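Q: Next comes the sequence, and after it the predicted model I'd like to discuss.
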Amino acid sequence: MRNLISATVLAAGALATSIIPAAAQSIDDSVNQLFANSTGWFVNFIFSPFPGTSFPWIVAWLVVAATVFTLYFGFVQFTAFRHSISLVKGDYSDPNDAGEVSHFQALATALSGTVGLGNIAGVAVAVGIGGPGATFWMILAGLMGMASKFTECTLGVKYRNEYDDGTVSGGPMYYLTKGFAERGLPGGKALAVLFSIFCILGALGGGNMFQANQAHQQISGIVGQYPGWITGMIFAAVVFAVIVGGLKSIARVTEKVVPFMGVMYVAAALIIILLNADKVGWAFGQIFDGAFTGLGVAGGMVGALIQGFKRAAFSNEAGVGSAAIAHSAVRTKEPITEGFVSLLEPFIDTVVICTMTALVIIITQQMMIDPVTGNYMLNEAGTAIATIDGNTGVSLTSAAFGSAISWFPYVLALAVILFAFSTMISWSYYGLKAWTYLFGEGQTKEIVFKVIFCIFVIIGAAANLGPVIDFSDAAIFAMAVVNIFGLYLLMPIVKQELKSYTSRLKSGEIKKFN
Amino acid sequence: MSKRFVVGYDGSEESKRAVQFAVSQAKSAGAAIVIAHVLEWSPYSFLTPEELEERHKRRKEELSRAETALMAPIQDSLSDSGVTVETEMRYGHVADTLAKIAKDVGAEQMFIGRTGESGLTARVFGSVAGSLAQIAPVACTIVP
C-alpha cells in the first residue's frame, strides 16, 4: 500500500512537471464546468427563496426546527448543560462498562467530524459576505441547534441496530424506519431511503469535495499556484490507503493530532483577541449593529442572517443527521444521555470555535471599511466585502491570523489539511453507512462506494470554490430536509425519554458512580 | 470472609514470580488469592468512527483472549497448589485499577512484580510498581 501511495505521488509530480501548466489548468476548468452544469438544478432547488423575497426556504426550515425543539424541550440546551458535562466526565458511567465506548469518545469522534473547515473557511465566507453581523446569527443558530442535535442523537442511540457480533449501526435511516413503525406512521422506509441518498451526496460534497478544495487552496497559498487535481490525486491516494487499504495508523494519528490542533487554534485565537483587548468591545459592537442593520453589507440584515445561519448549520451539522450516526456507538442504557452529551457539540463547534474565527477576522480588520461612511466597502462585483488582498474563504482566515502572528498561517495550513482529512474520514464512514443501508453490506459494494469517494476528492480539489460550496451546502441541507421532517414526528418519543430520565435523576434512582 | 491476597498478573516473567510468591505467602497465611489482570484503557482516548462501531465486539474479544491466554493457564498451573484461586479482569489505568480491585475484594495484602525499568523510561512513563507503592490501599509487596 505504501508503495502504491508513493507511486501515485511520484506520478502526480511527474505529470505536473511534464504537462505544460496551461493544459493542466484546462483540466481544472473542464472539471469545474462539467461539475457546475450537472449540479446547478439541485443547488437552485435547495436554495430557492420564498416567492418575492431573497430568503431561502431551507434556512427558515432549519431555524424553525431548532426553535421548535428548543421550546418543545423547555430550553434543554441550557437546563441540561451542566448534567451534560458530568456525563462527559464519566460521573454517571458504570465502572463495569470500562473498555466500552465512553460518552467522551463518542463526542470527540463526532466533533472531529464537524470541527474542520466549516469553522475556519466557512466562517470567513459568512463574515466576508454577510459582514460581522453574520456572527450574531451564527451564535444564535449554534445555541438553538443544540436542541436539534439533542433530539437526533437521542433517537440515534434509541433506534440503533445492535448485531450479534457486537457491532452497532445507527443514524437517521434506522430511527426513521423503526421509530415510524413504532408510532404506526407510514413512509418511514421511504424517508430513510431518501435520507440515505442525500447522505451519500452530502458525504461526497461537504464531507469531501469542500474539504479537498479548501485544502488545495491552503497548500497552493503557501507553495504557489499549481493545478488542483494534483492535490486531489495525493489526497485521494491517502484517503484510499486508509478507507480501502485499512491503513488504520494514518487515521489514528489524525484522530490524535486533530484535537490538539483544535486546542491550538482556539489558543491562538484567544491570544490574538487578548492582544487586541481594546478592540473587543468595538468588535462586538460591529457584530450587534451588523446583525440588525447590515452596516451596508451586500444583502443587508437579511444577508447577514442568511449567511450566519447557513454557515452555522454547515459547521455544526445540527439537524442534518450526520452526528446521529457517529453518536450511536456509545455504551449506555439511557439513549437520552447521549442526546445530552451531543448538545455540547454545536456549543463547542459554533458558539466557541466559530466565534473565535469571526472575532479574529473582525479584530484584525481584514475587511475594508469606507473611511467616510464607516460602513464596509463591497468588492467590485458587489458580492462580498472587499478584503485586503481580495482574500476569501480560508485564505481570509489565514491572512487574519497571519497579520497578528506571522508564522501562524503555516500552522493553520497544517491544521486545515488535517481537519480536512479527518472530516473526510468521518464522512466516508457516514456515507458508507447510508450506502450499505441502501445496497446492503458486502465487501464489493463497500469498495465501490469507497472508490467513488476517492474520485470525488480529485474533483473537489480541481473545481472552483463557488460551485463546490454551493453543491456541498445543498447536499447537506437536503439531508436536513428529510431528517428534520422525521424529527418532528418522533419528538414525542424523545420527550417521554426526557421526562422519565429527569424524574429518575431527581428521585436519585440514577446515581453518580464517583 | 476468608483472607484474600490480590496479585497483579499480565503474563510476564516478573508477574509470574509475583504470583508464585503470593501463593507461598497465601499458603502460610491460609488466604485465598485473587489474580487480577488489567487491560489498559482510557475513556478519554480518541477513536475513529469504525473503532467506535466495533468497540463492543473488540472488548469481548480482548476479554476472551485474556481469559484463554492468561487467566486459564495460570489458574491451571495453580490447581494443585492447595490455595483457592479467583480471577478478576478489568479495564482501566493499571495501577489505579489494581488498587481498586484490592479495595473491592477486601484484600488484606497485595503483590505485584516489577519490570525493573529505571532511568528515563520510568521517569517519563512512570511505573505500575512505583505508582502502587504510593496509592495501594493495603500492604503492597513488590516482588523483584
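A: Alright, I've got the coordinates.
Q: wait, doesn't residue B:7 sit right on residue B:112?
A: Yes - the criterion here is Cβ atoms under 8 Å, and residue B:7 meets it with residue B:112 at 6.9 Å. For every residue, glycine as well, the C-beta is placed using N, CA and C.
Q: which residues are common contacts for these two?
A: Residues touching both residue B:7 and residue B:112 (Cβ atoms under 8 Å, 6 or more residues apart in numbering or on different chains): B:15, B:18.
Q: now chain A, which segments are flagged as low pLDDT?
A: Across chain A, the ranges flagged by pLDDT under 70 are A:1-25, A:294-299, A:381-382, A:465, A:514.
Q: who's in contact with the most far-flung residue of chain B relative to its centre?
A: Most distant from the centre of chain B: residue B:49, at 30.4 Å, with distances by Cα atoms, centre = their mean. If a contact means Cβ under 8 Å, 6+ apart, then residue B:49 has A:109, A:113, A:325, A:326, A:329, A:425, A:426, A:429, A:430 as its contacts.
Q: Make sure the second one is actually in contact with residue A:426.
A: Pointing back at residue A:113 there. Yes - in this structure residue A:113 lies within contact range of residue A:426 using Cβ under 8 Å: 3.1 Å.
Q: list the residues that contact both of the two?
A: A:207, A:326, B:49.
Q: Any figure for the gap between the closest residue to chain B within the stretch 401-514 of chain A and residue B:54?
A: Residue nearest to chain B within the stretch 401-514 of chain A: residue A:429 (4.0 Å; Cβ to the nearest Cβ). Distance from residue A:429 to residue B:54, counting by Cβ to Cβ, to the nearest Å: 12 Å.
Q: These two - which one has more neighbours?
A: Taking other Cβ atoms under 10 Å in any protein chain shown, residue A:429 and residue B:54 do not tie; residue A:429 has more neighbours (23 against 19).
Q: Show me what from chain B comes close to chain A.
A: B:39, B:41, B:43-50, B:52-57, B:59-60, B:62-63, B:90-92, B:100 (Cβ under 8 Å from any Cβ of the partner chain).
Q: quick one: the strands in chain B?
A: Counting by DSSP state E, chain B has strands at residues B:4-8, B:32-40, B:85-92, B:109-113, B:139-143.
Q: could those be laid out in CSV, adding mean neighbour count and mean pLDDT?
A: Listed next are these as CSV, based on neighbours: other Cβ atoms under 10 Å in any protein chain shown; pLDDT from 0 to 100:
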stretch, mean neighbour count, mean pLDDT
strand B:4-8, 26, 90
strand B:32-40, 22, 90
strand B:85-92, 18, 90
strand B:109-113, 26, 89
strand B:139-143, 17, 88
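Q: what's the longest helix in chain A?
A: Ranked by residue count and defined by DSSP state H, the top helix of chain A is helix A:465-507.
Q: For that helix, what is the distance to the chain centroid?
A: From the chain centre to the centre of helix A:465-507 is a distance of 15 Å (Cα atoms, centre = their mean, to the nearest Å).
Q: Helix or strand, whichever it is, which one in chain B has the lowest mean pLDDT?
A: The helix or strand of chain B with the poorest confidence is helix B:120-125; it has a mean of 60 (mean pLDDT, DSSP states H and E).
Q: for chain B, what are the low-confidence residue spans?
A: In chain B (pLDDT under 70), the answer is B:1, B:116-126.
Q: what about the helices in it?
A: Using DSSP H, the helices of chain B run over B:13-29, B:49-66, B:72-77, B:94-104, B:120-125, B:128-135.
Q: residues of the longest one that come out buried?
A: Neighbour counts over helix B:49-66 (16 or more other Cβ atoms under 10 Å in any protein chain shown) mark B:49, B:50, B:51, B:52, B:53, B:54, B:55, B:56, B:59, B:63, B:66 as buried.
Q: Which one of the residues you listed is nearest to residue B:23?
A: Checking the buried residues of helix B:49-66 against residue B:23 with Cβ to Cβ, the nearest one is residue B:66 at 20.1 Å.
Q: quick one: the residue of the stretch 401-514 of chain A closest to chain B and residue A:325 touch, right?
A: Yes - contact criterion Cβ under 8 Å: residue A:429 and residue A:325 qualify, at 7.5 Å.
Q: Report the secondary structure element holding the residue of the stretch 151-300 of chain A found nearest chain B.
A: The minimum distance from the stretch 151-300 of chain A to chain B, using Cβ to the nearest Cβ, falls at residue A:166 (3.5 Å). Assignment of secondary structure by DSSP states H and E places residue A:166 within no helix or strand.
Q: Tell me who's in contact with residue B:110.
A: Counting by Cβ under 8 Å, 6+ apart, the residues that residue B:110 touches are B:5, B:6, B:7, B:8, B:98, B:102, B:132, B:136, B:138, B:139, B:140, B:141.
Q: Same check on residue A:183?
A: Applying Cβ under 8 Å, 6+ apart, we find residue A:183 in contact with A:489, A:490, A:492, A:493.
Q: May I ask which of those residues has the most neighbours?
A: Within those, most neighbours by other Cβ under 10 Å means residue A:490, with 26 neighbours.
Q: Which helix or strand contains the closest residue to that one other than its chain neighbours?
A: Nearest in space to residue A:490, with sequence neighbours left out and distances taken as Cβ to Cβ, 6 or more residues apart in numbering or on different chains, is residue A:179 at 4.6 Å. Element membership for residue A:179 (DSSP H and E) is helix A:172-182.
Q: how far does that helix sit from the chain's center?
A: 24 Å.
Q: Touching that helix from outside, list them.
A: Residues outside helix A:172-182 that contact it (Cβ under 8 Å, 6+ apart) are A:152, A:155-156, A:158-161, A:186-189, A:191-193, A:195-196, A:199, A:321, A:324-325, A:328, A:433-434, A:437, A:479, A:482-483, A:486, A:489-490, A:493.
Q: Quick check: chain neighbours aside, which residue is closest to residue A:322?
A: Nearest non-adjacent residue to residue A:322, counting by Cβ to Cβ, 6+ apart: residue A:430, 5.1 Å away.
Q: Can you tell me how far that neighbour is from residue A:35?
A: 22 Å.
Q: What residues does the stretch 301-450 of chain A have near chain B?
A: Where proximity means Cβ under 8 Å from any Cβ, the interface of the stretch 301-450 of chain A facing chain B comprises A:325, A:326, A:329, A:330, A:331, A:425, A:426, A:429, A:430.
Q: switch the cut-off to 7 Å
A: Selection of the stretch 301-450 of chain A residues close to chain B by Cβ under 7 Å from any Cβ of the partner chain yields A:326, A:329, A:331, A:425, A:426, A:429.
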